[in-house]
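Visitor: compute the structure for the input listed below.
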Amino acid sequence: AKVDGFEADANWRATDWLEFYGGMSYLNARYTDFRNAGVQVPVYDANGVPTGFTTGKEDLTGTQLPHAPDWTFFVGATISGEIADGWKGKLTGLINYSDKFFFFPGGGGPLRADVQPSYTTAKISGSISPADERFEVGFFVDNLTDKLTYNMRFSTAPFGAGQIPNRPRTYGIRLGFKY
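Guide: Sure, this is the predicted structure:
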């Protein structure tokens, strides 16, 4: 395999109360020679109905390595400052993007069932605290748009394909104390 690419990130404090940040990466991760790769191949009955998988061979030369999306990006902002009578507040938003990627070499075989499609997710969090910051009360919402993404997608012989989704929209509160 051959892997090359680049990444960059930046932060900019526009004012005392507003900060922007972002980043990106490009990853060109490809097999240079993988002619007899073991992959999962569907098995069909006499009527053409799929009945399971078996192990087969495929030339994966030139295909993307697992867990190696070509492009990823993130951008976010934080607003912070005094909100009233010595109380401080903070609000942060973040958006992430990832190109598609394979979970296993070649996406698992000719069906390409072991793939995470491209996705964009967002999260938001906020908090308030007294000026001395001896405690903090906050909230968070992860996967704000409830985008379906996967922790794993796989094909296995002889049983078929499966997937494990990542968490849906998740939210909660946080309490913090300093001694």
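
Visitor: all strands of this structure, in order?
Guide: In the chain, the strands defined using DSSP state E lie at 2-13, 18-30, 37-44, 50-58, 71-84, 87-98, 101-102, 115-116, 119-130, 135-142, 150-156, 160-165, 170-177.

Visitor: what mean pLDDT does the third one get?
Guide: Per-residue confidence for strand 37-44 averages out to 87 on the pLDDT scale.

Visitor: counting by contacts, list what that strand packs against.
Guide: strand 50-58 (3 or more C-beta pairs under 8 Å, 6 or more residues apart in numbering; DSSP states H and E). Bear in mind the C-beta positions are built from the backbone N, C-alpha and C, glycine included.

Visitor: separation between the closest residue to Asp9 other than its chain neighbours and Ala84?
Guide: Of all residues not flanking Asp9 in the chain, Gly23 sits nearest, at 3.2 Å (C-beta to C-beta, 6 or more residues apart in numbering). Gly23 sits 34 Å away from Ala84, going by C-beta to C-beta, to the nearest Å.

Visitor: over to Ala161?
Guide: On the measure of C-beta to C-beta, Ala161 and Ala84 end up 54 Å apart.

Visitor: ok, these two, which is more surrounded?
Guide: Ala161 (17 against 8; other C-beta atoms under 10 Å).

Visitor: report the beta-bridge partners for the more buried one.
Guide: Ser155 (DSSP bridges).

Visitor: burial check on Gly48, number of neighbours?
Guide: 6.

Visitor: with Tyr97 instead?
Guide: Other residues near Tyr97 come to 15 when the count uses other C-beta under 10 Å.

Visitor: close enough to count as contact, it and Thr72?
Guide: Yes: the criterion here is C-beta atoms under 8 Å, and Tyr97 meets it with Thr72 at 6.5 Å.

Visitor: quick revisit: Phe6 is in contact with the residue nearest to Asp9, correct?
Guide: No: between Gly23 and Phe6 there is no contact, the gap being 11.2 Å when judged by C-beta under 8 Å.
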